[in-house]
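Student: Just a sequence and a predicted model for now, questions to come.
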Number of protein chains: 2
Amino acid sequence: MPSQSRIDDWLPAAVRAAASERRLKAGEALFRLGDKTAGFYEVIAGRVRLARVDAAGHEVVLHVARPGDVIAEASLFSPHYHCDAIAGSEATVRLFPKRDVLAAFDRDPQAAQAFTAMLARQVMSLRARIEQRNIRSARERLRHWLALNAGGDGRTVALPGPLKELAAELGLTHEALYRTLAALERSGEIERLEGKIVIVQGRR
Amino acid sequence: MPSQSRIDDWLPAAVRAAASERRLKAGEALFRLGDKTAGFYEVIAGRVRLARVDAAGHEVVLHVARPGDVIAEASLFSPHYHCDAIAGSEATVRLFPKRDVLAAFDRDPQAAQAFTAMLARQVMSLRARIEQRNIRSARERLRHWLALNAGGDGRTVALPGPLKELAAELGLTHEALYRTLAALERSGEIERLEGKIVIVQGRR
DNA sequence: CGGCGTTTTGAGAGAGCTCAACATCGGTGG
DNA sequence: CCACCGATGTTGAGCTCTCTCAAAACGCCG
């Protein structure tokens, strides 16, 4: 999930310096439900899956974290992890030790507040994403995303990566997204340029 | 959104005492994008819609808050609101003034931490909800929800309200939910009782 | 040149949505 | 006491839309 907020924006340099990296093989567990919390992690490369196991023994996925995502923020306030974290592919993560983070927050209330503010923004952004998923139509869902991600001019949207990734973020198959983009372009509603989309006109 | 965390759990009594209620008519604005932030709100009754207006003048809904939900938490850290809040029906809200809340957090770091912890939990829960929406099949989506909301025994799920509301939370039409529930019950996977669902057996 | 991943387009099928009818329950008022 | 009303719950039938499976063009890099 593109948190659109770099970790450097809210984490003091002192804490970043205390971080350590770890490499995981596909299928390897970063932590398990009930493990003592070491701190929270940033995913550097690969995918990490957060999941629980239900009463019938089946895995229930809570979240799939991608590079740039932070996981287990709540571990700061809990003595043990609340789910499993498993590498979905070969992956690299960076650990920010709970002790150092909490100490920094204690020492520097502004840092603590920045962290809280970041979480509040993330709640906003996640809610918006859920709202987006309430939209059935691929076309409307794309329009919603375009409107929400339009730059300052309200007309230009920068594409963060390949369209396949955008499709995943939108909860569409890539085929559906390609078709919808093509349809919107044919109808003259958008224009597709290198790495960005320009909204020509809203629908009437 | 059933935050599953009562506001009383993390907000000091002193702040709760400073709250004031406000009644809104359907369509009335609680605040508008750019307004100076007064604080955050709890929805007591009715529905409040958070939305922005895109370049073409169309409303883009970010979130629909229901009774028990808290909105505009990020207003604590921002001088102005980032979207419009409009009553979707006759509604009652409770305002927690920014000044009082921040003062309480200043005075009582534990309260501030409780707030942060609550946000971190909410981020978790929202991510899980998004993951749920990635599931196409109504049956699998319901199973996901059941597994995640099962009580301590992992077999009993209390229904928070009418099934229509659950349908909305799951992102399904109420018809689809009724049919899926009926199918799961016919197949013996679940049992439906007054106000709750019992998971009889997982699928093989 | 020969892979490999992304981007595109095609055709078919399944699943949930829409529209519709009806049952049920609680409250309200004649 | 009963008729009426609104909201929830339930089931039926058809239709649309996206998913799925396939195939191919394109671009990049060794």
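Tutor: Right, received. Where do you want to start?

Student: contacting residues around residue A:196?
Tutor: Neighbouring residues of residue A:196 by Cβ atoms under 8 Å, 6 or more residues apart in numbering or on different chains: A:156, A:157, A:158, A:159. In short, each C-beta sits where N, CA and C put it, glycine included.

Student: which one is it nearest to, not counting chain neighbours?
Tutor: With sequence-adjacent residues excluded and distances taken as Cβ to Cβ, 6 or more residues apart in numbering or on different chains, residue A:196 is closest to residue A:158, at 5.0 Å.

Student: What subset of the contacts of residue A:196 is buried?
Tutor: Among these, those that count as buried by neighbour count (16 or more other Cβ atoms under 10 Å in any protein chain shown) are A:156, A:157.

Student: Now name the helix or strand holding the nearest residue to residue A:73 once chain neighbours are set aside.
Tutor: Counting by Cβ to Cβ, 6+ apart, residue A:73 lies nearest to residue B:120, which is 4.6 Å off, once chain neighbours are set aside. Using DSSP states H and E, residue B:120 falls within helix B:109-133.

Student: Same check on residue A:23?
Tutor: Here residue A:23, judged by DSSP H and E, is contained in strand A:20-24.

Student: Can you spell out which helices and strands pack onto the helix or strand following that strand?
Tutor: From strand A:20-24 onward toward the C-terminus, using DSSP H and E, the following helix or strand is strand A:29-31. Here strand A:29-31 touches strand A:84-87, going by 3 or more Cβ pairs under 8 Å, 6 or more residues apart in numbering or on different chains; DSSP states H and E.

Student: Return the strand it packs on as CSV; C-alpha atoms alone will do.
Tutor: Only the C-alpha atoms of strand A:84-87 are listed here, as CSV (Å, rounded to 0.1, in the frame of the first residue of the first chain):
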residue,chain,number,x,y,z
ASP,A,84,1.8,-13.9,11.9
ALA,A,85,4.0,-12.1,9.4
ILE,A,86,5.2,-14.4,6.6
ALA,A,87,7.4,-13.5,3.7
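
Student: and it, average pLDDT?
Tutor: For strand A:84-87, mean pLDDT rounds to 96.

Student: what do you get for stretch A:151-158?
Tutor: According to the model, stretch A:151-158 has a mean pLDDT of 89.

Student: List the buried residues of the strand holding residue A:23.
Tutor: Buried, per 16+ other Cβ under 10 Å, within strand A:20-24: residue A:24.

Student: I would like the residues contacting stretch A:29-44, please.
Tutor: Contacts of stretch A:29-44 (Cβ under 8 Å, 6+ apart): A:7, A:19, A:21-22, A:24, A:48, A:52-53, A:65-73, A:75-76, A:78-87, A:91-101.
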